[in-house]
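Undergrad: the sequence isn't on hand, but the structure is:
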C-alpha cells in the first residue's frame, strides 16, 4: 500500500483498534460532559431570568406601594373634611365624589381599607392610641378608629390607629 506521497504506508497494526475504541470512548465521555455543562448553563440562565423578573416585579410593586403611601394623608384629609358640617350641599356632594373616585382608583391599584371597629386587637394591624377600661365591650376589642389602616396587595401598608377596650 502507498500513501498520497507515493511512499509505502504501514499496514494496520493490532494496536490501532483498541486505540480507536479508547479514543471513541473518550470522545463520548467528553460529549456527555459538554451536554451536561450545556444543560446546567441553561438551567442557571433560566434561574437568573426568573430571579431578575421577580426582582423587577418586586421593585415595581414597592414603587407603587410608596406612591400609594404618599397619597394616604390626602385620603385622610378627605375623610376628616367630610365629617365637618357644611351648608353648601353641592360642595359636599362634589367632595364626596372626589373622595369616592380617589378610593376607587386606589382600590384598583391594590389598596384595601382595614375594618378595625369591633375587631379583636391585633398589633400587626392596629396601633393602640388609647386604652379604655370598660365592661360594655369584650377585652382587647377595638372600640373606635382614629385613623383607618390599609393593606396594599395583601401587605400591611399602614396600621389603624385605634381605641381599645380593656378590663
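TA: Arrived safely, thanks for sending. Because the structure is a prediction, the values reported are computed rather than measured.

Undergrad: contact partners for residue 96?
TA: residue 82 (C-beta atoms under 8 Å, 6 or more residues apart in numbering). C-betas here are computed from N, CA, C, even on glycine.

Undergrad: secondary structure element for it?
TA: Here residue 96 sits within helix 89-109, counting by DSSP states H and E.

Undergrad: just give me how far that helix sits from the chain centre.
TA: Remark: helix 89-109 is offset 28 Å from the chain centroid, using C-alpha atoms, centre = their mean, to the nearest Å.

Undergrad: show me which parts of it are buried, residue by residue.
TA: 95, 99, 106 (16 or more other C-beta atoms under 10 Å).

Undergrad: quick check, nearest of these to residue 58?
TA: residue 106 (20.1 Å; C-beta to C-beta).

Undergrad: how close does that closest one sit to residue 100?
TA: Going from residue 106 to residue 100 by C-beta to C-beta, to the nearest Å gives 11 Å.

Undergrad: same check, this time on residue 49
TA: According to C-beta to C-beta, residue 49 stands 42 Å off from residue 100.

Undergrad: residue 93 too?
TA: Residue 93 is 11 Å from residue 100, where distance means C-beta to C-beta.

Undergrad: any chance you could map the helices in the protein?
TA: Using DSSP state H, the helices of the chain run over residues 16-83, 89-109.

Undergrad: show me what the longest one is packed up against.
TA: Meaning helix 16-83. Packing partners of helix 16-83 (3 or more C-beta pairs under 8 Å, 6 or more residues apart in numbering; DSSP states H and E): helix 89-109, strand 149-152, strand 155-158.

Undergrad: what inclination does the longest one have with respect to helix 16-83?
TA: Interaxial angle, helix 89-109 versus helix 16-83 (axes from the mean of the first three to the mean of the last three C-alpha atoms, to 10 degrees): 170 degrees.

Undergrad: state the mean pLDDT of helix 89-109.
TA: For helix 89-109, mean pLDDT is 93.

Undergrad: the last one now?
TA: Strand 155-158 shows an average pLDDT of 93 in the prediction.

Undergrad: quick one: that strand to chain centroid distance?
TA: For strand 155-158, the distance to the chain centre is 13 Å (C-alpha atoms, centre = their mean).

Undergrad: what's the domain layout of the chain?
TA: 16-109, 112-167 (automatic domain parsing).

Undergrad: so which of these is the most surrounded?
TA: Among the domains of the chain, domain 112-167 has the highest mean neighbour count (mean count of other C-beta atoms under 10 Å), at a mean of 15.
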